[in-house]
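Novice: Whatever this is, show me its structure:
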Amino acid sequence: MMCTITGLLWVFQAEPVQEIPKAPIPAKDQVLKDVLDSLATKCLHASTNPQQKRKLEDVLKKLEFLYDKLRSHSVSNNCK
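Specialist: From the prediction side, this is the model:
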């Protein structure tokens, strides 16, 4: 993080964050990911209500959390 003084203001410039590449989804779970992504995309494109779009964006965040759990093999077989 860089810090400079401009008059009496401090200006902070954040350094760019490097995104860490994610591991691939296991092959046995890839079909699940494909279906859920397809449904979420169709719903997002069909929605015209801003509130519904926000809800769908929240669902997409939760799906990413699920995918991270699938990548790390943190989901038990009873849940699949």
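
Novice: ok now stretch 54-71, how far from the chain's centre?
Specialist: 6 Å (CA atoms, centre = their mean, to the nearest Å).

Novice: Averaged pLDDT, it. What do you get?
Specialist: Averaging pLDDT along stretch 54-71 gives 93.

Novice: Now do that stretch: everything it contacts.
Specialist: 22-26, 29, 32-33, 36-37, 40, 43-44, 47, 75 (CB atoms under 8 Å, 6 or more residues apart in numbering). Every C-beta, even on glycine, is put in place using the N, C-alpha and C of the backbone.

Novice: Next, the buried residues of that stretch.
Specialist: 56, 60, 66-67, 70-71 (16 or more other CB atoms under 10 Å).

Novice: Among those residues, which pair sits farthest apart?
Specialist: L56 and R71 (22.4 Å; CB to CB).

Novice: sorry, back to before: filter the contacts of stretch 54-71 down to the buried ones, ChimeraX style.
Specialist: A single ChimeraX command selects the buried members of the contacts of stretch 54-71 (16+ other CB under 10 Å):
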select :25,29,33,40
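
Novice: Where strands are concerned, which of the contacts of stretch 54-71 count?
Specialist: Of these, none are assigned to strands by DSSP state E.

Novice: P16: which of the contacts of stretch 54-71 is nearest?
Specialist: K22 (18.5 Å).

Novice: For that closest one, what are phi and psi?
Specialist: K22 adopts backbone torsions of phi -90, psi 150, taken as degrees, to the nearest 10.

Novice: again with Q51
Specialist: According to degrees, to the nearest 10, Q51 has phi -70, psi -40.

Novice: What about it, how many residues nearby?
Specialist: When neighbours are defined as other CB atoms under 10 Å, Q51 has 8 of them.

Novice: how far away is it from D68?
Specialist: 27 Å (CB to CB, to the nearest Å).

Novice: in this protein, which helix or strand is least confident?
Specialist: Sorting the helices and strands of the chain by mean pLDDT, DSSP states H and E puts strand 2-6 at the bottom, at a mean of 50.
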